[in-house]
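K.L.:
Need a 3D model of the following:
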Amino acid sequence: MSLVLINFYRFVALADCDRWQQWLQDLCTALGLRGTILLAPEGINAGLAGNAEAIAQFLSELQQRPPFANLSFKSATVTDWPFARLKVKVKPEIVSLGCPELNPAERTGTLVAPQDWNQLLQDPEVVLIDVRNRFEIALGSFPRAIDPQTDRFRDFPRFVQEQLLPQPPAKVAMFCTGGIRCEKASAYLLEQGIETVYQLEGGILNYLEAIAPEENHWQGDCFVFDERIAVDRQLQTPQHQLCPACGQPVVATTCSHCQDSVQASSSPK
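P.N.:
Numbers count the residues shown, from 1 in each chain. Okay, the predicted model is just below:
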């Protein structure tokens with residue numbers, strides 16, 4: 001079986017989300033697509049899979065609508081369904097930072113193309129932040145990137161307030177899986193008064209696609225939010241599993257996250 005997997009998002013003022021939800025539900029169902037679409041007043045965030053013809057028709061229909069004209073997306077070929085079913089949901093935010101008043105459609109950090117990212121990594125004045133969660137970072141990251149030690153994206157503002165703002169850096173560069181989290185996080189940092197904020201355009205996946213393995217600085221694997229679990233530096237699928245107890249990726253036969261939790265709970269108080 002050969003299927004096409006697409007991921008896309010756009011921060012755009014989206015009125016009448018319930019109407020968009022019904023239209024997208026009907027369209028995806030008719031085309032036999034599976035995946036998740038999140039809608040909110042701030043925009044759309046989606047990962048979908050289906051046969052090539054159905055995906056092409058979906059994108060054609062979507063891009064004819066003014067809020068989604070010229071929509072950028074990432075695609076990959078997969079050999080099995082990466083999603084079990086279709087879900088189209090309306091949420092307060094398309095990526096939950098806990099700050100629905102933010103408007104990334106108006107102001108975000110400076111996009112840095114993958115081809116320019118390596119040079120930015122060499123700038124000693126740049127504070128590099130991995131905006132993803134700790135279990136994702138455990139699989140891989142860029143050298144010298146700060147791990148905010150978050151369990152969910154909503155924890156990021158606390159990291160900023162407690163760790164970043166007491167001594168605000170002159171320059172911050174951020175990255176995440178596909179770009180959506182660092183785009184929203186960059187809007188948050190700008191609102192907090194940090195003046196120079198960069199973000200990796202298209203995220204880690206775009207970087208790995210654009211930069212040859214022998215030239216890119218990525219170390220380890222990259223967690224993805226579908227049944228592939230992770231991809232490596234060549235965008236191949238390594239043999240990871242999800243721990244049935246905590247749902248986090250297992251690199252070996254034992255889940256280090258659960259093992260650490262057990263050890264901590266059994267330690268003398």
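K.L.:
so where is the chain shaky, pLDDT-wise?
P.N.:
239-269 (pLDDT under 70).
K.L.:
can you map out the helices along it?
P.N.:
Secondary structure of the chain (DSSP state H): helices at 17-31, 52-63, 114-121, 134-137, 156-159, 180-191, 203-210, 256-266.
K.L.:
Pipe those helices into CSV and attach distance to P41 and mean neighbour count per row.
P.N.:
Quick note: C-beta positions are derived from backbone N, CA and C, even for glycine. Shown next, in CSV, are the helices of the chain (distance: least, CB to CB, whole Å; neighbours: other CB atoms under 10 Å):
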stretch, distance to P41, mean neighbour count
helix 17-31, 7, 15
helix 52-63, 18, 15
helix 114-121, 30, 15
helix 134-137, 27, 19
helix 156-159, 19, 18
helix 180-191, 14, 24
helix 203-210, 23, 21
helix 256-266, 35, 11
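K.L.:
Nearest approach to V197 belongs to which of those?
P.N.:
Proximity to V197 (CB to CB) singles out helix 180-191 among the helices of the chain, at 4.6 Å.
K.L.:
chain center to the closest one, what's the gap?
P.N.:
Averaged C-alpha coordinates place helix 180-191 at 13 Å from its chain's average position (CA atoms, centre = their mean, to the nearest Å).
K.L.:
what sits up against stretch 223-231?
P.N.:
The contact list for stretch 223-231 (CB atoms under 8 Å, 6 or more residues apart in numbering) reads 5, 47, 49, 78, 80-84, 132, 135-136, 139, 177, 205, 208, 221-222, 237-238, 240-242, 249.
K.L.:
Ends of that stretch, what's the gap?
P.N.:
7 Å (CA to CA, to the nearest Å).
K.L.:
related to what we said a few turns ago, in a markdown table: the helices of the chain, plus distance to V231.
P.N.:
Formatted as a markdown table, the helices of the chain follow (distance: least, CB to CB, whole Å):
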| stretch | distance to V231 |
| --- | --- |
| helix 17-31 | 24 |
| helix 52-63 | 19 |
| helix 114-121 | 15 |
| helix 134-137 | 12 |
| helix 156-159 | 23 |
| helix 180-191 | 17 |
| helix 203-210 | 7 |
| helix 256-266 | 20 |
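K.L.:
what's stretch 156-163 in contact with?
P.N.:
In contact with stretch 156-163 (CB under 8 Å, 6+ apart) are residues L97, G98, C99, V131, P148, Q149, T150, R181, A185, Y188, L189, Q192.
K.L.:
Stretch 35-47 now?
P.N.:
Outside stretch 35-47, the residues touching it (CB under 8 Å, 6+ apart) are 5-15, 17, 20-21, 24, 28, 48-49, 67-68, 82-83, 86-95, 100, 102-105, 180, 225-226.
K.L.:
Since that was my last question, I'll sign off now.
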